[in-house]
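Asker: Everything below, folded, please.
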Amino acid sequence: MTVLGLGAMGSALAAATLAAGHPTTVWNRTPGRAEALAAAGARAATTVREAAVAAEIVVVCLLDHASVLEVLDPVADALADRTLVDVTTTTPEESRALATWAAEHGIDHVDGGIMAVPSMIGGPGAEVLYSGPRDAFDTARPVLDRWGQSSWLGDDPGLAPLYDLALLASMYAMFAGFFHGAAMVGTAGVSATDFARRAAPWLAAMTSELADYADVVDRRDYGGPGQQSLEFSDPSDILRASEEAGLATDVVAAVRALVRRQVDAGYGADGFARIVESIRNPGHDAGAVRADAEQPIVAGGTS
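Answerer: The predicted structure is shown next:
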């Protein structure tokens, strides 16, 4: 395997591949980053072309989509008939664009979304989501499995980055909520550490509600029994308390704006999950989505 890009994640991927006994070639713009891997047995290439021709599976782990094309385009001919695994964080459309570029040059392309931090690679809990041609994924899988659980989502190369970014959106929104809560109790001299002792089990317990919320969202049955209404869920009290404490209200205000769009359109008695319609239909009257309420969302994807 060849790994192009030796930041924290690229280095972790290369190290795990080496540790599993697979010959590994590495390249980085700054050669010094390859020294530790070279000392562990990796071959340090001096050019991208040298690295590209060294293995049948070429992994690219760079800053962004633009840097991937910048590095790969000049050596496209050297990548022909090889399997390119791009684990750079990109948007779904960027991944589809790279897949088109790869196909034009005779390259098998697989996109990967890494659901782990570098220290988890090669250990328990690490998962990497993949999408693209199944045969290309299967070709690379014996090596990819050394990083963690490998999950193939489908032929569409945009699926892995879509899931990746959607899961990150959930994570960042949760962390932002925790930081806001920590700032609130901090005004009374409570440390974030003390707050975390209460917040962690509370948030863990709340995640048990995700399956029920998901069912409501898929069926768009926001008026079903047992749901906490939007009017009751309005976070205005949190907003006022934060303002009184002199705190920024960006996090809570964002949630309140989603709630108010539905309440103002006449759906205050519907369940909190209805705010998903505010997200699905930005800039439109919340009432316009009512006609879709009986049309369920069909789940897709394969793992």
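
Asker: Just name whatever secondary elements the longest helix that the chain contains is in contact with.
Answerer: If you go by DSSP state H, the chain has its longest helix at helix 159-186. Packing partners of helix 159-186 (3 or more Cβ pairs under 8 Å, 6 or more residues apart in numbering; DSSP states H and E): helix 92-104, strand 108-115, strand 127-131, helix 192-206, helix 236-244, helix 250-262. Where you see a C-beta, it was placed from the backbone N, CA and C, and this is true even at glycine.

Asker: Relative to residue 107, how far out is residue 141?
Answerer: In this view, residue 141 and residue 107 are 18 Å apart by Cβ to Cβ, to the nearest Å.

Asker: Neighbour count for those two, which is higher?
Answerer: residue 107 (22 against 16; other Cβ atoms under 10 Å).

Asker: and stretch 99-118, which residues are buried?
Answerer: Buried residues in stretch 99-118, counted by 16 or more other Cβ atoms under 10 Å: 99, 101-102, 105, 107-116, 118.

Asker: Kindly indicate which of those lies nearest residue 41.
Answerer: residue 118 (19.2 Å; Cβ to Cβ).

Asker: what helix or strand is the nearest residue to that closest one once chain neighbours are set aside on?
Answerer: Nearest non-adjacent residue to residue 118, counting by Cβ to Cβ, 6 or more residues apart in numbering: residue 12, 3.9 Å away. Residue 12 belongs to helix 8-19 when assigned by DSSP states H and E.

Asker: The helix or strand just after that helix packs against which elements?
Answerer: Next along the chain after helix 8-19, taking DSSP H and E as the criterion, comes strand 25-27. Using 3+ Cβ pairs under 8 Å, 6+ apart, the elements in contact with strand 25-27 are strand 2-4, strand 43-44, helix 48-52.

Asker: List the strands paired with the second one, with their directions.
Answerer: Paired with strand 43-44 in the same sheet, following DSSP bridges, are strand 25-27 (parallel).

Asker: what is the mean pLDDT for the helix or strand following the strand it pairs with?
Answerer: Toward the C-terminus, strand 25-27 is succeeded by helix 35-39 as the next helix or strand (DSSP H and E). Taken as a whole, helix 35-39 carries a mean pLDDT of 96.

Asker: packing partners for helix 35-39?
Answerer: Against helix 35-39 (3+ Cβ pairs under 8 Å, 6+ apart) you get helix 8-19, strand 43-44.

Asker: so which of the ones you listed is the most packed in?
Answerer: For the helices and strands packed on helix 35-39, average neighbour numbers computed from mean count of other Cβ atoms under 10 Å are highest in helix 8-19, which has a mean of 22.

Asker: which residues are contacting it?
Answerer: Outside of helix 8-19, the residues within contact range by Cβ atoms under 8 Å, 6 or more residues apart in numbering are 1, 3-4, 6, 24, 26, 28, 33, 36-37, 40-42, 59, 61-62, 87, 114, 118-119, 121-122, 143, 146-147.

Asker: remind me which residues of the chain are low pLDDT?
Answerer: Applying pLDDT under 70 to the chain flags residues 284-303.
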